[in-house]
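Chemist: mind folding the following:
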Amino acid sequence: MLVIYFDFKPKETKEDLFDREEELKKLLSCKDETIVLLTGIRRIGKTSLLKVFLNESKLPFALVDVRSPLTSYRSLYTIFSDVLSQLNKKRRVIDLLKYVKGISIFGINISLSWDPKNRPSLLEIMDRVDESGKVIVAFDEAQNLRGKLANDFLSILAHCYDYCKNVTFILTGSEIGLLYDFLMVDNPSSPLYGRHIEEIRLNRFTEEQSLEFLKEGFRQANISPDETVLQYAVSKLDGVVGWLTEFGHRCVRIGDVKKEIVDEVLEIAGRLALEELSHFSKDYILVVEAIAKGYNRWSELKRYLEDKKKRRIYDAELKRYLDKLEKRGYVVKKEGGEYELTDPVLKNALA
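Modeler: This is a model prediction of the structure:
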């Protein structure tokens, strides 16, 4: 039985993507921009939307899943070898590159040398790619490109911004603050300083969208769910499509829709969220714990930390904790000054 909406794999066609018509339309209208950011919290569906957009664009594209920082020329040139190989499968860019030094060709794959004596100019390579016609180059979770050579990468983006009218870069990011820190568009020392960057923010589903997503997914599985269980799932999973999909998938697997499965998903998701938080110090986790328990104003957070740590907490210290958690995408500050966790499962796990 094929259940499209409750499949864990990122969607690749418009027909398989639930809703998101407005965001897809915005992305398609940005094909002539040089740099576009696609942002949103974890498990909100950015990769699915990106893949659907790339296929809907009908343009040659490369999609790189960024897993590690740019710490060496080897990592930088390996990434662009991947970009060129992917583009070459869809359009023969190799014909424009074959006389550039430091390039090796293996069938349709392209390998760039990172040897200082032989490595090619990536600016020249992008100029040649630009000559081939319109292309899209996407980097998924681009904040991970931070590293010693981040500035080299930004210089490539800046060069393409000024000279490559046919190259569009799409950068996705779950850790939105870190993504902007990486790009440094407001920093006069950054190669991208003063450049216009378009951002498309992917939000959680509304309650109505969440309910419709679950109903349609169960319809695809020929299952008639209890409305009260769906309402319970919607209230607990808070519009995060990854957790809604997890719930639907588990129900389809056993052929039944039960409230207990919502609780199972919350428990599993909570463990995963806490594991992701484990790279922070205990002080940061204390801040998250406080917000989860309802201490969501500055004064309340400060008092909670002081009670736990049995010492004075300075404003600069608390600000450092909150700023880092915001940049990492765990916490958001609301207009009224209250702080809120972006993922409902963290609140459930720590409250």
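Chemist: for the residue lying closest to N203 once chain neighbours are set aside, what are its contacts?
Modeler: With sequence-adjacent residues excluded and distances taken as Cβ to Cβ, 6 or more residues apart in numbering, N203 is closest to G40, at 6.9 Å. In short, each C-beta sits where N, CA and C put it, glycine included. By Cβ atoms under 8 Å, 6 or more residues apart in numbering, G40 lies in contact with K46, S174, R201, L202, N203.
Chemist: likewise for L84?
Modeler: Under the criterion of Cβ under 8 Å, 6+ apart, the neighbours of L84 are A62, V93, I94, L97, I110, L112, I125, V129.
Chemist: swap in 10 Å and give it another go.
Modeler: By Cβ atoms under 10 Å, 6 or more residues apart in numbering, the contact set of L84 is 62, 93-94, 97, 103, 105, 109-112, 125-126, 128-129, 137.
Chemist: also R195?
Modeler: T34, I35, L154, L157, A158, Y161, D162, L183, V185.
Chemist: ditto for D7
Modeler: D7 sits in contact with D16, G217, Q220, T245, G248, H249, V252, where contact means Cβ under 10 Å, 6+ apart.
Chemist: so for stretch 130-144, mean pLDDT?
Modeler: Stretch 130-144 shows a mean pLDDT of 96.
Chemist: what's the neighbour count on K319?
Modeler: Residues within reach of K319, counting by other Cβ atoms under 10 Å, total 11.
Chemist: er, I156 actually
Modeler: Neighbour tally, I156, other Cβ under 10 Å: 20.
Chemist: quick one: it is in a helix?
Modeler: Yes - judged by DSSP: H, G, I helix; E, B strand; the rest coil, I156 forms part of a helix.
Chemist: contact partners for the closest residue to it other than its chain neighbours?
Modeler: Nearest non-adjacent residue to I156, counting by Cβ to Cβ, 6+ apart: L122, 5.4 Å away. By Cβ under 10 Å, 6+ apart, the contact set of L122 is Y73, L76, Y77, I79, F80, V83, L112, D152, F153, S155, I156, H159.
Chemist: likewise for V234?
Modeler: 205-214, 244, 247, 262 are the contacts of V234 under Cβ under 10 Å, 6+ apart.
Chemist: apply 8 Å and report the result again.
Modeler: Neighbouring residues of V234 by Cβ under 8 Å, 6+ apart: E207, S210, L211, L214.
Chemist: residues of the helix or strand hosting K26 that come out buried?
Modeler: Here K26, judged by DSSP states H and E, is contained in helix 21-29. Buried residues in helix 21-29, defined by neighbour count with 16 or more other Cβ atoms under 10 Å: E23, L24, K26, L27.
Chemist: with stretch 274-283 instead?
Modeler: Buried, per 16+ other Cβ under 10 Å, within stretch 274-283: L277, F280.
Chemist: end-to-end on it?
Modeler: By Cα to Cα, to the nearest Å, the extent of stretch 274-283 from end to end equals 14 Å.
Chemist: give me the contacts around that stretch.
Modeler: In contact with stretch 274-283 (Cβ under 8 Å, 6+ apart) are residues Y284, I285, V288, L305, K309, Y321, K324, Y330, L346, A349, L350.
Chemist: quick check, nearest of these to S190?
Modeler: K324 (20.6 Å; Cβ to Cβ).
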